[in-house]
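In: can you look at this prediction? I've put the sequence above it.
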Amino acid sequence: MSMSDDALNAFRAEVRTWLEENCPQEMRDGASGEDAIVWGGRNWKFKSDAQKLWLERMASKGWTVPTWPVEYGGAGLDRAHHKILLDEMRKMGARVPLQSFGIWMLGPALLAFGSHEQKLQYLPPIARGEVRWCQGYSEPGAGSDLASVQTKAESDGDHYIVNGQKIWTSYADKADCIFALVRTDRDAPKHLGITFLLIDMETPGVTTKPIRLISGKSPFCETFFDDVRVPKANVVGTENRGWDVAKHLLTHEREMISGGGQGLLGGRPLGAVLSEQDGGLTDPVLRAEAMACEIDALAVALTLERYKDQAESGGGVGDASAMLKYAGTELNKRRHELMMSAGGADALIWDGKHDGLAADWLRTKANSIEGGTSEVMLSIISRRVLGLPA
Amino acid sequence: MSTLLLTEDETMLQDAARGFLDGAAPVSHFRKLRDAGQTHDAKLWAEMAQMGWTGVLVPEDAGGSDMGHAAAAVLAGELGKTLVTSPFISTAVIAATALRQVATDRARDALAAIADGSVIYGLAVDEGAKHDPDATQLEAKADGNGFRLSGTKGFVVDGSNADRLLVLAKTDAGLTLFDLPADREGITRTGQNMVDARDAAQVTFDNVQATGDDVLGSVDDAMTVLKPALEAGQAALSAEMLGLSAGAFAMTVGYLKERKQFGVEIGRFQALQHRAAHLWSETEITLSAVRHAGRKLDEDPDNATLAVSLAKARATQTAKLAVIEGVQMHGGIGMTDDFDMGFFMKRARVATEWLGDYGYHAAKVAAARGF
Ligand SMILES: Cc1cc2nc3c(=O)[nH]c(=O)nc-3n(C[C@H](O)[C@H](O)[C@H](O)COP(=O)(O)OP(=O)(O)OC[C@H]3O[C@@H](n4cnc5c(N)ncnc54)[C@H](O)[C@@H]3O)c2cc1C
């Protein structure tokens, strides 16, 4: 056994002991649904003391954002150590202590493009769950064609005056801050006049209005900016060059949506899930479809592994990540269609035997829309990976 | 487990293989063989042996290069890209893996002969239209100290060109694997006119005499030897199928960039772009499964069934998609014999059936995943 194996094994033992001692019993049920998620933020209300304790303890270890540098609230873990941590958490069914757009999206973008001061200011509160962020990208006229954003930010000394409207802003009504794409130069080609701006939602002139979705839940909002004053110090990267930051963030968003976090690899085998619902998966058509879905899920999970291997070895993955977003989300939709089939009439009741399944099923339909649609992913692949003419 | 990336050695092997095959065995070489009614190129096989390919799974003390299953997959993949006809999988992968499960001098000599390219093996397992070793009916009746084999095998890949045959037979209390010279008295081989223009034979056994020496492994216990061999073959065949998918795909994308209709390259049409992008996604995902199978066979062979069946199931579906889309997106020219795409379609179909089709392997995955 090599030295590094020894070190990893020691780390595993240390993690296991710490988790045993510190993970409250209540947090060990493997739950991951909406009710189990802690989003954090200034106005966050924990559903139990155990949730709060679990978050505080994990944050103190830097394990809410294990791969971020220690000085920004993380634990500085490399992939091998990170995997061990996730592994051990999974084994005991430990819930994820904290999730947020700050962790998934803004954090990685700040790490890549933020100044040292910005990192120190924004990252640790994200890691501790003290500030909750939302994403202000989409507008009524700028969805797939994101670079058409019109929300404008006009210079006024060391401030901008922001006016315009965002749409589909998930959890805007609950978030403390928003990272937004705003237009700072109307005359430049559309990609070159966009700035990536951090805005506090409590600033006068910011208002939100909920949108109800087909899944019944309504975490989505329209967000309005009416003469909102924002310090120029809140620009991430360079003025008018926000598109680079936006794209970097999108890669992380896509990875997260495609299951990059943990979904597919950590997910229970579909066969086991369906057997419970169907009492042995007896319907031959359902069984055949489930087998096919399981095969594809395993292969997609391995592809995620391979891309991580590649990223770690220094070879970038680049636009090929659009493929993971496409494949992962289409697969998740298939998986939920199968779960609905297996549940039959029971699955059609909002809060019946399969509590939350119907809502989850409907929610998955957005997976291939949010963060860039499947069609847009396919276009990215055909143009940038395959080099087909535009 | 190692990463799913190629090691430096594997990358070098891949580059060398591609370099060699582009010169020695492009698709036009296959066409020449087909037109001449030949299913084997002895010179090419000898060159492959010289480069150490036939010994890729042969231990070094038997003269092999023992590079492992992941490396065998690299070679099979490159062979697949230009549809190279060779007994690589039946001999260098399946027979070599079977033989190295047993520690006899005979097996060691046979391994040495595989490594130096002097023997070709065929695998005589199937009898019905579908791969199903458990359904073996060919009988090996005890006869004095030996056996008498009677029955018929079909779809014996490389069977006409083979010097030796691995034969699965029913014995008193189970299945037994025999390693027999192909010209032993009572064996008749009939070449089948296969859709992919490669070698497969029907082999009949009429009271064929076998001794205890001819048994590979133990009597009534074929699977200890055969299971790893089949899995090795399935993994390599998956790699070949992925290679052929990549070959067909490259032709298709090339055509999309060059063919003009309505005054523009057809690759500008989004309907085709999206299908090409989807097809590429499928090949990328299957590549991961193929790599994983090779690694698993090298590092944890006793538990490789899931990985191998996953690879074969995925490779089968991906190859099917690649050739169907390949023909369709080429339009009329894709249907002509003059054009190579049809060769890919035919080979994909044969490789789909060999060693278990999608349903066969999907069921294995399902069992391993607790369905
Ligand atoms: C649940 C959910 C949560 C979201 N959360 C957020 C959020 O927090 N913040 C945020 O900023 N945004 C969010 N979004 C918005 C999301 O990013 C957009 O909905 C998405 O980018 C698609 O834009 P659109 O809805 O305007 O559709 P459109 O762009 O109008 O697309 C309509 C259809 O046309 C197709 N289409 C469009 N252009 C092309 C093309 N060039 N080629 C082929 N087909 C094309 C699309 O694929 C789609 O099928 C969220 C969306 C959903 C559904």
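Out: It's in.
In: how about the helices of the stretch 51-200 of chain A, start to end?
Out: Applying DSSP state H, counting those that start in this stretch to the stretch 51-200 of chain A gives helices spanning A:79-92, A:101, A:107-113, A:116-127.
In: one more: the stretch 151-300 of chain B?
Out: Using DSSP H, counting those that start in this stretch, helices in the stretch 151-300 of chain B cover B:222-258, B:270-299.
In: my read is that residue A:229 contacts residue A:156, right?
Out: Yes. At 7.4 Å, residue A:229 counts as touching residue A:156 under the criterion of CB atoms under 8 Å. Any C-beta I mention is one placed from the backbone N, CA and C, and that applies to glycine too.
In: mind checking which of the helices of the stretch 151-300 of chain B is nearest residue A:172?
Out: Smallest distance to residue A:172 across those (CB to CB): 32.4 Å, for helix B:270-299.
In: return the angle between stretch directions for that closest one and helix B:222-258.
Out: Helix B:270-299 and helix B:222-258 are oriented at 150 degrees to each other (axes from the mean of the first three to the mean of the last three CA atoms, to 10 degrees).
In: so which elements touch helix B:270-299?
Out: Counting contacts by 3 or more CB pairs under 8 Å, 6 or more residues apart in numbering or on different chains; DSSP states H and E, helix B:270-299 packs against helix A:284-312, helix A:321-343, helix A:374-380, helix B:69-81, helix B:222-258, helix B:305-330.
In: what's the angle from that helix to helix B:69-81?
Out: Put simply, helix B:270-299 runs at 150 degrees to helix B:69-81, going by the same axes, to 10 degrees.
In: buried residues, helix B:270-299. List them.
Out: By 16 or more other CB atoms under 10 Å in any protein chain shown, the buried positions in helix B:270-299 come out as B:272-298.
In: how about stretch A:7-24?
Out: Applying 16+ other CB under 10 Å to stretch A:7-24 flags A:8, A:11, A:15, A:16, A:18, A:19, A:22, A:23, A:24 as buried.
In: what do you get for stretch B:149-166?
Out: Neighbour counts using 16+ other CB under 10 Å place B:149-151, B:153-162, B:164-166 of stretch B:149-166 among the buried residues.
In: check stretch B:134-145 too.
Out: Using 16+ other CB under 10 Å as the test for burial, stretch B:134-145 gives B:136, B:138, B:140.
In: repeat for stretch A:331-350
Out: A:331-336, A:338-343, A:347.
In: quick one: which of those is nearest chain B?
Out: Chain B has its nearest neighbour among those in residue A:331, at 9.7 Å by CB to the nearest CB.
In: and the closest one, what does it touch?
Out: Contact analysis of residue A:331 by CB atoms under 8 Å, 6 or more residues apart in numbering or on different chains lists A:264, A:293, A:296, A:297, A:300.
In: for residue B:186, same thing?
Out: Applying CB under 8 Å, 6+ apart, we find residue B:186 in contact with B:149, B:205, B:206, B:207, B:208, B:209.
In: keep only the buried residues of helix B:270-299 that also lie close to the ligand.
Out: Among these, not one lies near the ligand by CB under 6 Å from any ligand atom.
In: which non-adjacent residue is nearest the closest residue to chain A within the stretch 51-200 of chain B?
Out: Of all residues in the stretch 51-200 of chain B, the one sitting closest to chain A is residue B:70 (13.0 Å; CB to the nearest CB). If the residues on either side of it in the chain are set aside, residue B:70 comes closest to residue B:294, at 3.4 Å by CB to CB, 6 or more residues apart in numbering or on different chains.
In: equivalent analysis for residue B:339, please.
Out: Residue B:339 sits nearest to residue B:333 (CB to CB, 6+ apart), 5.2 Å away.
In: quick check on that neighbour: phi, psi?
Out: In terms of degrees, to the nearest 10, the main-chain angles of residue B:333 are phi -60, psi -30.
In: that one and residue B:259: what is the separation?
Out: Applying CB to CB, to the nearest Å, the value for residue B:333 to residue B:259 is 9 Å.
In: returning to that earlier point: and the buried residues of stretch B:149-166, which two are furthest apart?
Out: Those two in the buried residues of stretch B:149-166 that are separated most widely, counting by CB to CB, are B:150 and B:161, at 24.0 Å.
In: return a selection command, for use in ChimeraX, containing the buried ones of the contacts of residue B:186.
Out: The buried subset of the contacts of residue B:186, as determined by 16+ other CB under 10 Å, is captured in ChimeraX by this line:
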select /B:149,205,208
